[in-house]
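Peer 1: Predicted model, plus sequence, below.
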Amino acid sequence: MPPPQVLVVAPGLEVESGGSQPFHTASIGKVMTATLVAMLVSEGRFGVDSPLGDVLPASDVDGLPGAPGVDVAADVTVEHLLTHTSGLPDYFEPPRGTRTAVSTRTAAAQPDRYWSPAELLDEAKRLPAVGRPGERFRYGDTVFVLLGRIVEEATGEPFNAALRKRVLEPSGMERSTTPYGDARTPADLAELDVAPFWLGGHELSRALSVSLDWAGGGIVAPPADLVSFQCALHGGRLVSPDTLRWMATPRHRRRRGIHYGAGMATVRFGEFTPPFLRGLPEPVGGLGHFATHMFYYPRQRAHVVLNFHSYRRMNQSFMLHARIARLLAAR
């Protein structure tokens, strides 16, 4: 496995190692999808309180599982999707005792399979609901497929085209692409410039099956482009300060030390085991399944981007990030 990619940028400081090759950002892309949705809300295309039935066609919503007495079309809102509180199941990590055709195993076993958004939603429709809207946090990708479809319905454009035009290009992400969402055959990915990554022990950087990410990820970007995005986001060029604050404010804890707002995550190092991590800054940004990090430290005006290439190295990635946080706090 290659060495991790590391980029730290702060006033008077820039440290980079592991190379500048574009890498699969995984769920870091959820921050960009959430930003795009927030931009459309600001334009008045729909509201965060809009129910799914008002922003999506019946073909997307019909059959989605709801808890007893819940009408998914009327009771689940855009905000529920952004905050992972919709009560809808996750097709990639389904409820215990259930299975779907979308998994780490099948992505490796069927690398040349393309997954359309409709097929991903069909997998979710086979599963039971995990709660009532607004009552329970359950992180997942189903909700971001729905957010991607909302973008398409609101703009009349394919999701990836809307993301590039409204978020990637205005942020100056000149080397960033959305290859897995645009590709339809294995040949479309054959020449892709992307760092290797491992899913379930298999290297899948050019696998068409990674299309299962869609609006929940799927962006390939070099570290510097992710810093450019954060500069645009936190510099007020994409959304207003009030909107950014709404997105970033933590509402739920996924696990100790990792808290989620509306499409963005906050790391609280003080909740991790070593006592010397207490009092460290709490950066906001995104995490990805392949141990990818994209975080901003507001007080230090610092950016940290990491790519460790595999979920198996997630602990290592947090150990390094904590060391970086200690150094930034001491500046």
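Peer 2: Right, received. Where do you want to start?

Peer 1: what phi and what psi does the backbone show at residue 261?
Peer 2: Here is the backbone geometry of residue 261 (degrees, to the nearest 10): phi -100, psi -120.

Peer 1: Now for it, how many residues are close by?
Peer 2: Under the neighbour criterion other CB atoms under 10 Å, residue 261 is assigned a count of 21. Every residue, glycine included, has its C-beta placed from N, CA and C.

Peer 1: And it, how far from residue 243?
Peer 2: Computed with CB to CB, to the nearest Å, the distance linking residue 261 and residue 243 is 12 Å.

Peer 1: what distance separates the lowest-mean-pLDDT helix or strand in the chain from the centre of its chain?
Peer 2: Taking mean pLDDT, DSSP states H and E as the measure, the helices and strands of the chain show their lowest mean at helix 104-109, namely a mean of 89. The offset between the C-alpha centroid of helix 104-109 and the centroid of the whole chain comes to 20 Å, using CA atoms, centre = their mean, to the nearest Å.

Peer 1: hmm, who's touching it?
Peer 2: Under the contact criterion CB atoms under 8 Å, 6 or more residues apart in numbering, helix 104-109 has outside partners 113, 199-202, 204, 207, 209-210, 212.

Peer 1: Now it - C-alpha only, CSV.
Peer 2: What follows is the C-alpha trace of helix 104-109 in CSV, where atoms were taken according to Å, rounded to 0.1, in the frame of the first residue of the first chain:
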residue,chain,number,x,y,z
THR,A,104,-18.1,-4.3,-0.2
ARG,A,105,-18.2,-7.9,-1.3
THR,A,106,-20.3,-7.4,-4.5
ALA,A,107,-18.4,-4.3,-5.5
ALA,A,108,-15.2,-6.4,-5.6
ALA,A,109,-16.9,-9.5,-7.1
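
Peer 1: can you pull the buried residues of that helix?
Peer 2: 104, 106-108 (16 or more other CB atoms under 10 Å).

Peer 1: Repeat that for stretch 60-73.
Peer 2: So for stretch 60-73, counting by 16+ other CB under 10 Å, buried means 60-61, 64-67, 70, 72-73.

Peer 1: Of those, which is the nearest to residue 148?
Peer 2: In terms of CB to CB, no member of these lies closer to residue 148 than residue 60, at 10.4 Å.

Peer 1: farthest pair in the buried residues of stretch 60-73?
Peer 2: Across these, the two members that end up farthest from each other (CB to CB) are 60 and 67, 19.1 Å apart.

Peer 1: tell me the strands in the protein, going along the chain?
Peer 2: With DSSP state E as the definition, the chain shows strands at residue ranges 5-10, 13-17, 23-24, 198-199, 202-203, 220-221, 252-255, 258-260, 265-267, 284-288, 292-297, 302-307.

Peer 1: can you tell me which of those the model trusts least?
Peer 2: When the strands of the chain are compared on average pLDDT, strand 198-199 comes out lowest at a mean of 91.

Peer 1: which helices and strands does that strand pack with?
Peer 2: Strand 198-199 sits against helix 104-109, with contacts defined as 3 or more CB pairs under 8 Å, 6 or more residues apart in numbering; DSSP states H and E.

Peer 1: Was I right to think residue 18 contacts residue 3?
Peer 2: Yes: when contacts are counted by CB atoms under 8 Å, residue 18 is listed as touching residue 3 (4.9 Å).

Peer 1: for the stretch 51-200 of the chain, what are the low-confidence residue spans?
Peer 2: Segments of the stretch 51-200 of the chain classed as low confidence (criterion: pLDDT under 70) are not present in this model.

Peer 1: just the helices in it please.
Peer 2: According to DSSP state H, counting those that start in this stretch, the stretch 51-200 of the chain carries its helices in the segments 52-55, 58-61, 72-75, 78-82, 104-109, 117-125, 142-155, 159-163, 179-182.

Peer 1: could those go into CSV alongside distance to residue 293?
Peer 2: Listed next are the helices of the stretch 51-200 of the chain as CSV, based on distance: least, CB to CB, whole Å:
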stretch, distance to residue 293
helix 52-55, 31
helix 58-61, 32
helix 72-75, 33
helix 78-82, 20
helix 104-109, 21
helix 117-125, 25
helix 142-155, 19
helix 159-163, 21
helix 179-182, 20
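
Peer 1: now, which of the buried residues of stretch 60-73 sits nearest residue 131?
Peer 2: Checking the buried residues of stretch 60-73 against residue 131 by CB to CB gives residue 67 as the nearest, at 6.1 Å.

Peer 1: My read is that the closest one contacts residue 86, right?
Peer 2: No: proximity of residue 67 to residue 86 does not meet the contact threshold set by CB under 8 Å, at 10.6 Å.

Peer 1: Which positions within stretch 146-160 qualify as buried?
Peer 2: When burial is assessed from 16+ other CB under 10 Å, stretch 146-160 yields the following buried residues: 146-152, 154-155, 159-160.
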